[in-house]
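Colleague: Okay, here's the prediction I keep looking at, along with the sequence it came from:
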Amino acid sequence: MTTTRHNPYQVTDRNLALELVRVTEAAAVAASAWTGRGLKNEADGAAVEAMRRAFDTVAIDGTVVIGEGEMDEAPMLFIGEKVGSGGPGMDIAVDPLEGTNLCAKNLPNALTVVALAESGNFLHAPDIYMDKIVVGPYLPEGVVDLDSTIEANLKSLAQAKKCAVSDLMLCTLDRERHEELIARARAAGARVTLLSDGDVAAAIAACLDDSEIDIYVGSGGAPEGVLAAAAVRCVHGQMQGRLLFEDDDQVARARKMNPGADPSRKLALEDMARGDVLFSATGVTGGALLHGIRRSGIRTVTHSLVMRSKSGTIRFVEGHHDYQTKTW
């Protein structure tokens, strides 16, 4: 991701990582003005606008491949939109406010999220569901498999972690479609924690050493799946996914977005996020992963996570910003 001597833009993945933090910080602060107001669309709109402005200062030639929707659905940060002030070509995956309902209701784990990779290295995922399974690093390759039963995956994971299935914590979204999964996991002996929204944070948590979550399983948004894959790549975890189609139109759209690929195939981690990947998230409301926005006097305090796949480094960044200047 480092530029060559012939490129006038001296951009490296190290300083780009810090630039991404500024982008997610700006979006989080803007969204936080709507926390608890019950207005999820207004919160999302504020985050989108702030993130778009912040991208204008980043020295890349970026193309949004995971965004707020198609051009006719989203005024900003739509799929195919160009962002950045000029520089190396990059794919950008964004969720300006992951957990719009969480922000609107002032519930935990609302985040602003950005991932970046060199052009062509992110799966172009349509806005449909994706089946996902995530575990952390330092485990045998293929320790879990999307095509295996939940009972088999839990047994295999427990053996790899040298613990009992009853010691494992499974995380999934609290949805009717997951009722059988939840019942079978509990019957196998695992503990289960349920999320109302926000599966990107859960996928990351499954990969962190100090997290109580051992495995994330279930279906959620495909765009969020790509963002999760970017994060999992950065911490060298394991993830598989598969797009879930409701009709032929969705299949056709997936084929158009990824020509030549079987849209129904099981996706390995690097099918979703390849090459050198950067990831940044900033907390809007506090949760297990990040603190939420805090205001003290003229200062706004942000708490962010930034990761690089090249180094595997995980940094937590606390920013103290002058509220009156509103610069990031």
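Modeller: Good, I have the coordinates.
Colleague: Quick check, residue 226 in contact with residue 125.
Modeller: Yes: counting by C-beta atoms under 8 Å, residue 226 touches residue 125, with 5.0 Å between them. Where you see a C-beta, it was placed from the backbone N, CA and C, and this is true even at glycine.
Colleague: shared neighbours of the two, anything?
Modeller: 66, 272 (C-beta atoms under 8 Å, 6 or more residues apart in numbering).
Colleague: and residue 241, that one's in a helix?
Modeller: No: secondary structure of residue 241 (DSSP: H, G, I helix; E, B strand; the rest coil): strand, not part of a helix.
Colleague: Name the nearest residue to it, sequence neighbours excluded.
Modeller: Spatial nearest neighbour of residue 241, excluding adjacent residues (C-beta to C-beta, 6 or more residues apart in numbering): residue 267 at 4.4 Å.
Colleague: cool, and residue 125?
Modeller: In space, and not counting its chain neighbours, residue 125 is closest to residue 222: 3.9 Å by C-beta to C-beta, 6+ apart.
Colleague: Can you give me the domain boundaries for the chain?
Modeller: 13-122+277-322, 129-272 (automatic domain parsing).
Colleague: what's near enough to touch the residue nearest to residue 125?
Modeller: With contact set as C-beta under 8 Å, 6+ apart, residue 222 has these partners: 125, 126, 127, 128, 129, 130, 241, 243.
Colleague: now with 7 Å?
Modeller: Counting by C-beta atoms under 7 Å, 6 or more residues apart in numbering, residue 222 touches 125, 126, 127, 128, 129, 130, 243.
Colleague: Redo the domains of the chain as JSON lines? Include mean pLDDT.
Modeller: Output for those, formatted as JSON lines (pLDDT from 0 to 100):
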{"stretch": "domain 13-122+277-322", "mean pLDDT": "92"}
{"stretch": "domain 129-272", "mean pLDDT": "95"}
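Colleague: any idea how far residue 310 is from residue 27?
Modeller: 25 Å (C-beta to C-beta, to the nearest Å).
Colleague: So which of the contacts of residue 222 is the closest to residue 103?
Modeller: Nearest to residue 103 among those is residue 127, at 19.5 Å by C-beta to C-beta.
Colleague: any idea which element the residue lying closest to the closest one once chain neighbours are set aside lies in?
Modeller: Leaving aside its sequence neighbours, residue 127 sits nearest to residue 223 (C-beta to C-beta, 6+ apart; 6.0 Å). Assessed by DSSP states H and E, residue 223 sits inside helix 222-234.
Colleague: Convert the C-alpha atoms of that helix to CSV, please.
Modeller: In CSV, the C-alpha atoms belonging to helix 222-234 read as follows (Å, rounded to 0.1, in the frame of the first residue of the first chain):
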residue,chain,number,x,y,z
ALA,A,222,-23.8,-8.7,3.5
PRO,A,223,-22.2,-5.2,3.5
GLU,A,224,-21.6,-5.6,7.2
GLY,A,225,-20.1,-9.0,6.5
VAL,A,226,-17.4,-7.4,4.3
LEU,A,227,-16.6,-4.8,6.9
ALA,A,228,-16.4,-7.6,9.5
ALA,A,229,-14.1,-9.6,7.1
ALA,A,230,-11.8,-6.5,6.9
ALA,A,231,-11.5,-6.4,10.6
VAL,A,232,-11.0,-10.1,11.0
ARG,A,233,-8.2,-10.0,8.4
CYS,A,234,-6.5,-7.3,10.4
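Colleague: from the contacts of residue 222, which single one is nearest residue 49?
Modeller: Of all the contacts of residue 222, the one sitting nearest residue 49 is residue 127; the distance, using C-beta to C-beta, is 20.3 Å.
Colleague: tally of neighbours for that closest one?
Modeller: Using other C-beta atoms under 10 Å, residue 127 has 17 neighbouring residues.
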